[in-house]
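Enquirer: Fold the stuff below for me.
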Amino acid sequence: MSSELTVTPTGAPRPRPEPGAETGTVLTDHAFFMRTGKRRQWQGLTVADRDAIPPLRPTAAAVLAGQSVADEFAAYRLADGTVSVFRPDSHVKRLNNGARRLALPQVDFDRVWSAVRALTALDADWLPAEPGSALRLRAVLAADGTGLDAGPADDCLFYVLAALPGPAETGPLRATTVDGYVRAWPGGTGDLRTASGVAPGVVPGEIAANYGYGHVLWLDGPQGRFVQQIGDLNAFFVVDGVLTTPALDRSVLPGVTRDSVVKLARDAGTEVAERPVELAEILKGIADGTVTEAFATGTAAGVVPVGSLGHQGEEHRLPDGTGPVTARFRDLLAGIRRGGAVDRFGWMRRVTEVAPVHA
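Expert: Residues are numbered from 1 along each chain as shown. Below you'll find the model as predicted:
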């Protein structure tokens, strides 16, 4: 563990949910935080009670200008009772890509990994004993400041919260396009996990919910023809037997779970196409049977089937149930996360692992 890290267990432990209780997201006792000092050097590395996270100023650029990025990864209980984190290096790398785009300082992975190890050790008892149980780890990099204008951020706060997730979404999902709303344009920040990129999806999500859909089926901005995502999840379709997903064109979020499914599929000899996916092609394929399955991927969701897509007032239903391709990658990924399947790529990083790892 890093010698610059201070670890202070909370003096006021909070009550934990009863096993099997139906609750929403519940924050654990502790958090990690650090701030930048001179020349953007990180200092004050601390794991302590989450209420000890220092506040941002009212003039913080994260508040006034949305100059903030976030990412979420997870620790899992393995079958042998130990705890491992799924691809933490890839998540920190993605956060740093967003930081670079928003003129924020880079976060050193070795420091973050040392802190995550300490944080999960302190809050390990919050994690249920059942293999595959998850502890969400939400990382946030936020610009502080004393002025009213945004600029390259030298004064920043970085913190990681831990939480027990709410009930998992098992699907089948229902998603619909929503006229008049766009998630991302080329050259924008649609490929980043910016804090300001989440809230604009709330109103379209409510509109979709009014029509009985749980997610927005996002299309590209310039033409409104090509599928980007299903809510904040990456989309996959089985088209003529080919596992097909929208290409990463800087408007689609480069999901770590998406990347994992693509790697697992190619490793198994499955044909994968990463290309522009036109909605008209998908809807026609659902009608004529050439599109046999659809699923969505995300950190919390894992792999979840899609049951229907709505567009211009019509619902297009996929075959009932979970298709064989969806089930295969859902079960394989879940098996890796609970330690029941071979981790060929070394994605699960045990919290006892001291050596630094990198994407």
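Enquirer: For the rest of this, base every contact and every neighbour count on C-alpha atoms.
Expert: Will do.
Enquirer: number of nearby residues for L253?
Expert: For L253, the neighbour count with other CA atoms under 10 Å is 22.
Enquirer: export stretch 213-232 as PDB, just CAs?
Expert: Provided in PDB are the C-alpha atoms of stretch 213-232 (Å, rounded to 0.1, in the frame of the first residue of the first chain):
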ATOM      1  CA  TYR A 213     -40.200   2.100 -22.500                       C
ATOM      2  CA  GLY A 214     -37.400   1.900 -20.000                       C
ATOM      3  CA  HIS A 215     -34.700   3.400 -22.200                       C
ATOM      4  CA  VAL A 216     -34.100   5.800 -25.000                       C
ATOM      5  CA  LEU A 217     -32.800   4.400 -28.300                       C
ATOM      6  CA  TRP A 218     -30.300   7.000 -29.200                       C
ATOM      7  CA  LEU A 219     -29.600   7.800 -32.900                       C
ATOM      8  CA  ASP A 220     -26.800   9.900 -34.400                       C
ATOM      9  CA  GLY A 221     -27.200  13.700 -34.400                       C
ATOM     10  CA  PRO A 222     -26.500  14.700 -38.000                       C
ATOM     11  CA  GLN A 223     -28.900  12.300 -39.700                       C
ATOM     12  CA  GLY A 224     -30.900  10.500 -37.100                       C
ATOM     13  CA  ARG A 225     -30.400   7.200 -38.900                       C
ATOM     14  CA  PHE A 226     -27.700   5.300 -37.100                       C
ATOM     15  CA  VAL A 227     -28.000   3.600 -33.700                       C
ATOM     16  CA  GLN A 228     -25.600   5.000 -31.000                       C
ATOM     17  CA  GLN A 229     -26.700   3.500 -27.700                       C
ATOM     18  CA  ILE A 230     -29.600   2.100 -25.700                       C
ATOM     19  CA  GLY A 231     -29.700   4.600 -22.800                       C
ATOM     20  CA  ASP A 232     -26.300   4.700 -21.400                       C
END
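Enquirer: residues of that stretch that come out buried?
Expert: For stretch 213-232, burial by neighbour count (16 or more other CA atoms under 10 Å) applies to 213-221, 224-232.
Enquirer: Also stretch 186-198?
Expert: Buried residues in stretch 186-198 (16+ other CA under 10 Å): T189, G190, D191, L192, R193, T194, A195, S196, G197.
Enquirer: Same question for stretch 238-246.
Expert: Buried residues in stretch 238-246 (16+ other CA under 10 Å): V238, V239, L243, T244, T245, P246.
Enquirer: check contacts around V116.
Expert: Counting by CA atoms under 8 Å, 6 or more residues apart in numbering, V116 makes contact with F32, V351.
Enquirer: between the buried residues of stretch 186-198, which is closest to L161?
Expert: A195 (14.9 Å; CA to CA).
Enquirer: Quickly note the distance from the closest one to G285.
Expert: Distance of A195 to G285, given as CA to CA, to the nearest Å: 35 Å.
Enquirer: same check, this time on T46
Expert: For T46 relative to G285 (CA to CA), the value is 53 Å.
Enquirer: Same question for I336.
Expert: In this view, I336 and G285 are 32 Å apart by CA to CA.
Enquirer: So D331 belongs to a helix, correct?
Expert: Yes. Looking at D331 with DSSP: H, G, I helix; E, B strand; the rest coil, it is inside a helix.
Enquirer: and the helix or strand hosting V304, which strands flank it?
Expert: Secondary-structure assignment from DSSP states H and E places V304 in strand 302-311. Its sheet considered, strand 302-311 pairs with strand 173-176 (parallel), strand 291-298 (antiparallel), strand 314-317 (antiparallel) by DSSP bridges.
Enquirer: if we compare those strands, which one ends up closest to G346?
Expert: strand 291-298 (19.1 Å).
Enquirer: Name the residues of stretch 328-337 that are buried.
Expert: Those would be F329, R330, L332, L333, A334, G335, I336, R337, for stretch 328-337 by 16+ other CA under 10 Å.
Enquirer: could you give the mean pLDDT of it?
Expert: Per-residue pLDDT over stretch 328-337 has a mean of 97.
Enquirer: Send me it as CSV with only the CA atoms.
Expert: In CSV, the C-alpha atoms belonging to stretch 328-337 read as follows (Å, rounded to 0.1, in the frame of the first residue of the first chain):
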residue,chain,number,x,y,z
ARG,A,328,-23.7,-17.2,-23.9
PHE,A,329,-21.9,-13.9,-23.2
ARG,A,330,-24.1,-13.0,-20.3
ASP,A,331,-23.2,-16.3,-18.5
LEU,A,332,-19.5,-16.1,-19.5
LEU,A,333,-19.0,-12.6,-18.3
ALA,A,334,-21.0,-13.3,-15.1
GLY,A,335,-18.9,-16.5,-14.6
ILE,A,336,-15.6,-14.5,-14.8
ARG,A,337,-16.9,-11.9,-12.4
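Enquirer: gap between it and the chain center?
Expert: Chain-centre distance of stretch 328-337: 17 Å, with CA atoms, centre = their mean, to the nearest Å.
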